[in-house]
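A.B. asks: model the following, please.
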Amino acid sequence: MFNNIFEGKNVIVTGNSGFKGSWLSLWLRILGAKVHGISFMPPSDPNMFESLKIENQIESFSKINIGENYSKVNEIISKIKPDFFFHLAAQPLVSVSYNDPLFTIQTNVLGTANILNSIYQQDIKVVSVIITSDKCYDNLELERGYREDDVLGGKDVYSGSKGAAELIFKSYYHSFFKKNKHNSVIASARAGNVIGGGDWGINRIVPDAIRSWSENKKLSIRNPLSTRPWQHVLEPLSGYLTLASKLYFEDELNGENFNFGPDKTSNKTVKDLIEKLSKRWGFDNATDSYSVKHTEDFHEAGLLQLDCSKANEKLDWQPNLSFDEMVNFSSDWYKKFYTSNNNEEMLLQVEEQIEKYVDLAKNKNFSWAK
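C.D. replies: Below you'll find the model as predicted:
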C-alpha cells in the first residue's frame, strides 16, 4: 500500500535520533521520502543514530527540545512544509520519569501540544501520526487487552504523561481538526514493548542483556515471570506507515486512535525472551546467561496487552513476525554490530532486515506490502 506514497514527499520525524525514530527514518528513506529530523539528543550511548551516521542519510536534522522551544519548532515546520509528520519525540523511560518527572511531562505533554499547535498553524495539508504508548492506558491488569476507548492514565509519571498526551491530541482534534475545520488530518498510535537491533535504552531488558553479554557478564533481571506482548520495532512502524497512507486518502480516519501490537502468541515472559535470545547469542545453557534480582525501585506492571482488532478491521494491518523471527532479527543485528563496527555494513543490515520483513509480509499477502 505505502510503497509509492512517500516517494518524493517531505516527511518530518520528531525523535528521529531515538530507537524507533532511527528505524523509521531509514525505512522512509528507502521508500524515497525526503526525511527531516527534529530531536533533542540521542537517548543512549551508544545509539543507532550516531553509530550508523543517520544524519548523513536524511535531508536535514534540527537539534531541539520540542517541549521548551515552540517558536523554533514552528519555524522549522513552516519552512519544510511537510506532507507527512510522524511525532515520536518523547522521554521514553518509566525509570527516568521517577528521577526527572518535570522533564518527562514537559517533553511528553507540552512537546506534543507544541507539535499539534504548529501543525494547526500550517496552511497546507499535513498528514500526521502522533505516537504515544501502550502505557497511556490505566493499567488494571486486564487479560482481554486494552481497547482504544478504555480509560487513560497510569500509576507513574511516565504513564500519566502519555495519557495526558492523548488527551491533548483529543482536545486539539475536536477544537481545530474535526469535520474539515483544517486542511490537515491527524491520528494517534499506541504501541509498546518494542525490541530490536539499535536499542540501548537503560533499564530495558534486551539492551541490558546485550550490554551484559558483550562484556561476558550475567544479566540481572527483576521479574522473570512478568508477561509482555513483545514485538519487533518494524511491527509498529509498519502500522504507522499504513495509518499515514490510509489517512492520506481517507479523511474519515481523522482523529482516530489505533493500537499496534503482536498477537497473543507473542505474550511471553521475560524469562522466555531472555532464554531464547541467549541461545541465539551463543549460550549453550540459557540459565548461564542471567540471574534474578528482586527489587521494588519503581512500579512495574505485570501484564499489559493491547487489543489491535481496530487496526486489523480499519487498516487491514496485522503483526508479521513470529516470536522466534523477532528474537532472531534482534540478536542478529546486535551480533553484526559488535563484530563489524562499520556504519556502512550496519546500514546494509538495516536495509536487509527491512527487505526481509517486507518479503515475509508479501508472502502472507498483507495488503500494505503489495
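A.B. asks: how about the helices in the chain?
C.D. replies: In the chain, the helices defined using DSSP state H lie at 19-30, 48-51, 70-80, 94-99, 101-105, 111-121, 157-172, 205-214, 234-249, 270-281, 309-315, 323-340, 343-363.
A.B. asks: quickly run through the sheet partners of the lowest-mean-pLDDT helix or strand in the chain, with directions.
C.D. replies: Every helix and strand in the chain was compared by mean pLDDT, DSSP states H and E; the lowest is strand 227-229, with a mean of 83. Counting by DSSP bridges, the strands paired with strand 227-229 are strand 267-269 (antiparallel).
A.B. asks: okay, buried residues for the partner strand please.
C.D. replies: By neighbour count with 16 or more other CB atoms under 10 Å, strand 267-269 contains the buried residues N267, K268. In short, each C-beta sits where N, CA and C put it, glycine included.
A.B. asks: how distant is it from the center of its chain?
C.D. replies: Centre-to-centre, strand 267-269 and its host chain are 19 Å apart (CA atoms, centre = their mean, to the nearest Å).
A.B. asks: do stretch 72-87 as well
C.D. replies: On CA atoms, centre = their mean, the centre of stretch 72-87 falls 20 Å from that of its chain.
A.B. asks: keeping just the C-alphas, turn it into PDB.
C.D. replies: Extracted as PDB, the C-alpha positions of stretch 72-87 are listed here (Å, rounded to 0.1, in the frame of the first residue of the first chain):
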ATOM      1  CA  LYS A  72      11.900  27.300  16.800                       C
ATOM      2  CA  VAL A  73       9.800  24.200  16.200                       C
ATOM      3  CA  ASN A  74       7.200  26.200  14.400                       C
ATOM      4  CA  GLU A  75       9.800  27.900  12.300                       C
ATOM      5  CA  ILE A  76      11.300  24.600  11.100                       C
ATOM      6  CA  ILE A  77       7.900  23.100  10.300                       C
ATOM      7  CA  SER A  78       6.800  26.200   8.500                       C
ATOM      8  CA  LYS A  79      10.000  26.100   6.400                       C
ATOM      9  CA  ILE A  80       9.900  22.400   5.500                       C
ATOM     10  CA  LYS A  81       6.100  22.400   4.800                       C
ATOM     11  CA  PRO A  82       5.800  18.600   5.400                       C
ATOM     12  CA  ASP A  83       3.400  16.300   3.500                       C
ATOM     13  CA  PHE A  84       3.700  13.800   6.400                       C
ATOM     14  CA  PHE A  85       4.500  14.100  10.000                       C
ATOM     15  CA  PHE A  86       5.500  11.400  12.500                       C
ATOM     16  CA  HIS A  87       5.700  12.600  16.100                       C
END
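A.B. asks: show me what counts as buried in that stretch.
C.D. replies: Buried residues in stretch 72-87 (16+ other CB under 10 Å): V73, N74, I76, I77, I80, P82, D83, F84, F85, F86, H87.
A.B. asks: picking up where we left off before, would you reformat the helices of the chain as CSV and include distance to D134 and mean pLDDT?
C.D. replies: Output for the helices of the chain, formatted as CSV (distance: least, CB to CB, whole Å; pLDDT from 0 to 100):
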stretch, distance to D134, mean pLDDT
helix 19-30, 13, 97
helix 48-51, 22, 95
helix 70-80, 26, 97
helix 94-99, 12, 88
helix 101-105, 17, 95
helix 111-121, 16, 97
helix 157-172, 8, 97
helix 205-214, 16, 94
helix 234-249, 10, 97
helix 270-281, 16, 95
helix 309-315, 13, 96
helix 323-340, 17, 94
helix 343-363, 21, 96
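A.B. asks: out of the ones you listed, flag the one nearest E7.
C.D. replies: helix 19-30 (10.0 Å; CB to CB).
A.B. asks: helices or strands next to the closest one in the packing?
C.D. replies: Using 3 or more CB pairs under 8 Å, 6 or more residues apart in numbering; DSSP states H and E as the contact test, the elements touching helix 19-30 are strand 10-14, strand 34-39, helix 48-51, helix 234-249, helix 343-363.
A.B. asks: nearest to K218, of those?
C.D. replies: That would be helix 48-51 among these, by CB to CB, at 25.1 Å.
A.B. asks: which strands or helices does that closest one pack on?
C.D. replies: Looks like helix 48-51 contacts helix 19-30 (3+ CB pairs under 8 Å, 6+ apart).
A.B. asks: buried set for the helix it packs on?
C.D. replies: F19, K20, G21, S22, W23, L24, S25, L26, W27, L28, R29.
A.B. asks: now the angle from it to helix 343-363?
C.D. replies: 80 degrees (axes from the mean of the first three to the mean of the last three CA atoms, to 10 degrees).
A.B. asks: neighbours around K370, how many?
C.D. replies: K370: 9 surrounding residues under other CB atoms under 10 Å.
A.B. asks: next one: A209
C.D. replies: 25.
A.B. asks: contacting residues for it?
C.D. replies: By CB atoms under 8 Å, 6 or more residues apart in numbering, the contact list for A209 reads L219, I274, L277, S278, S289, Y290.
A.B. asks: who does H87 form a beta bridge with?
C.D. replies: Beta-bridge partners recorded for H87 (DSSP bridges): T14, I130.
A.B. asks: T14 is in contact with that one, correct?
C.D. replies: Yes - taking contacts as CB atoms under 8 Å, H87 lies within contact range of T14: 4.9 Å.
A.B. asks: quickly list what's touching both of the two.
C.D. replies: I115.
A.B. asks: not counting sequence-adjacent ones, nearest residue to P207?
C.D. replies: Spatially, and ignoring its direct neighbours in sequence, P207 is nearest to W200 (4.7 Å; CB to CB, 6 or more residues apart in numbering).
A.B. asks: burial measure for the one you found, as a count.
C.D. replies: W200 has 21 nearby residues by other CB under 10 Å.
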